[in-house]
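> can you look at this prediction? I've put the sequence above it.
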Amino acid sequence: MPFFRRQGQADEGAQAAAQADQAASLEAMARGGLPLRAQQRLSELSAGDVFTSDLSVNEFALAHSLGLRPLAQVMGSSIYHVGWQQSPGSWSGWQAGGLSQELTTLTEAWNTARQLAFGRLAQEAHLLGAHAVVGVQLMTNRHDWAAGSIEYMAVGTAVKIEGDESVTQPILTDLSVQDYWLLRQAGYRPLGVVGASSVYYIVSGWQQRQLQGMFSSWANQELSDFTQGVYDVRETTLGRVSAEARRQGAAGMVGVSIAHSVEQRESSSGGSSRTDLIVTMHVLGTCIAEREETAAELSPALRIDLSADRHPEHVLGGSQ
């Protein structure tokens, strides 16, 4: 057989194999799973002796003393297309007071993308045989190259607890190794990360627009419509994350982070124009419950620097 014919057949075979892998990856992701190459890489890491992590030297040393063995960095990601959303700003131009209304399509998109990202993060940890993921960082973005889409990415370090039995579902936590240790010393255990997102459209009412007019702009004044709208979105988001914590049987949440972004929206109706706001808020925290065994006493030699940031590794929000 001529060389070029054999080479052509080999290329066709490689192309067919690549297409089959691509189809298998797309099918897995449609079910909320991982691409095929990620599954293969994690299977190889689970049998290896070299690990990767985002732990600091202090965290690694403490993890080693606690019997936590880092396995690898794990990630969950989802780039999600946002469907059509009607804006309430076009039909509320002459309302005296402000109006805040949830943009349900955008809210559902953010929450679904987060669930997919955390689901894939847990799958990566499970393939490594991890008991938990510590230091989970959540990043949200929007990209010019994917108009009308949002991105959720969760990254953390998968760890195994020496001497513990294998688990069917690794525990995800945004706690650092130090905070994880303090939690156990206080007699509590993490149940998992919970999060929620909400997007609200806040219309500036006629009274507020009068305050923002030319003759009153020199005076200090609160823009009460915007203030009320931010409170509305916060209460909605915290209510959702609290309800999720109750469903998990949690005693409470620690490490709760609240991040929000504000986007201005110029609107006009009836010959007048105004500036409205779109507020997006994300809440993330770790559910905890009391341990069944007797709580250990804190070491009297332990000292905590309360002036330092307790969660320097936690990133939430990102560009909108």
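Now that the structure is in, tell me what you want to look at. Note that the structure is a prediction, hence the values are computed from the model and not measured. Numbering: from 1, shown residues only.
> now the helices for this protein?
Secondary structure of the chain (DSSP state H): helices at 3-30, 36-46, 57-66, 104-127, 177-185, 206-211, 224-247.
> check the gap between the closest residue in space to residue 133 that isn't next to it in sequence and residue 119 for me.
Nearest non-adjacent residue to residue 133, counting by CB to CB, 6 or more residues apart in numbering: residue 156, 4.2 Å away. Bear in mind the C-beta positions are built from the backbone N, C-alpha and C, glycine included. Separation of residue 156 from residue 119 (CB to CB, to the nearest Å): 14 Å.
> so between these two, which is more surrounded?
residue 156 (28 against 16; other CB atoms under 10 Å).
> hey, what's the more buried one bridged with?
Note on residue 156: beta-bridge partners by DSSP bridges are residue 74.
> residue 257 too?
residue 284.
> wait, doesn't it sit right on residue 281?
No. Residue 257 is beyond contact range of residue 281, at 11.0 Å (criterion: CB atoms under 8 Å).
> among the two, which residue is more densely surrounded?
residue 281 (25 against 16).
> who's in contact with that one?
With contacts defined as CB atoms under 8 Å, 6 or more residues apart in numbering, residue 281 is in contact with 197, 198, 199, 200, 233, 234, 237, 258, 259, 260.
> pLDDT, neighbour count and distance to residue 123 added to those, as CSV?
Below are the contacts of residue 281 laid out as CSV (pLDDT from 0 to 100; neighbours: other CB atoms under 10 Å; distance: CB to CB, whole Å):
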residue, pLDDT, neighbour count, distance to residue 123
197, 94, 28, 21
198, 95, 27, 27
199, 94, 26, 27
200, 94, 24, 32
233, 95, 24, 31
234, 94, 17, 32
237, 96, 23, 26
258, 90, 15, 27
259, 89, 17, 25
260, 87, 19, 29
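> closest to residue 286 out of these?
Closest approach to residue 286 among those (CB to CB): residue 258, at 14.2 Å.
> how much space between the closest one and residue 281?
To residue 281, residue 258 is 7 Å away according to CB to CB.
> return every residue with contacts to both of these two.
Here residue 258 and residue 281 share the contacting residues 234, 237, scored by CB under 8 Å, 6+ apart.
> low pLDDT regions in the protein?
1-31, 33-52, 87-98, 143-146, 205-219, 268-272, 293-320 (pLDDT under 70).
> tell me if I'm right that the residue nearest to residue 133 and residue 72 touch.
No. With contacts counted by CB under 8 Å, residue 156 stays clear of residue 72, the gap being 10.2 Å.
> circling back: got the contact list for the residue nearest to residue 133?
Applying CB under 8 Å, 6+ apart, we find residue 156 in contact with 54, 73, 74, 121, 133, 134, 135, 136, 137, 172, 174.
> how does it look with 7 Å?
Each residue near residue 156 by CB atoms under 7 Å, 6 or more residues apart in numbering is listed here: 74, 121, 133, 134, 135, 136, 137.
> what do you get for residue 177?
55, 59, 62, 63, 68, 134.
> try it again at 6 Å.
Neighbour list for residue 177: 59, 62, 63, 134 [criterion: CB atoms under 6 Å, 6 or more residues apart in numbering].
> most neighbours of all those residues, which one?
Neighbour max across those (other CB under 10 Å) = residue 134, 28 neighbours.
> enumerate the beta-bridge partners assigned to it.
Using DSSP bridges, the bridge partners assigned to residue 134 are residue 157.
> and if you look at residue 196?
Note on residue 196: beta-bridge partners by DSSP bridges are residue 283.
> that one and residue 239 touch, don't they?
No. Residue 196 is beyond contact range of residue 239, at 8.2 Å (criterion: CB atoms under 6 Å).
> which of these two has more neighbours?
residue 196 (22 against 13).
> if I look at that one, how far off is residue 238?
Distance check for residue 196 against residue 238: by CB to CB, it reads 8 Å.
> go on, residue 280?
For residue 280, the distance to residue 238 equals 15 Å [CB to CB].
> of the two, which one has the most company?
For residue 280 versus residue 238, neighbours defined as other CB under 10 Å are more numerous around residue 280 (23 against 18).
> closest to residue 245 among the contacts of residue 281?
Residue 245 has its nearest neighbour among these in residue 237, at 12.9 Å by CB to CB.
> separation between the residue nearest to that closest one when sequence neighbours are not counted and residue 69?
The shortest distance from residue 237 to any non-neighbouring residue, by CB to CB, 6+ apart, is to residue 198 (4.3 Å). From residue 198 over to residue 69 the distance is 38 Å, taken as CB to CB.
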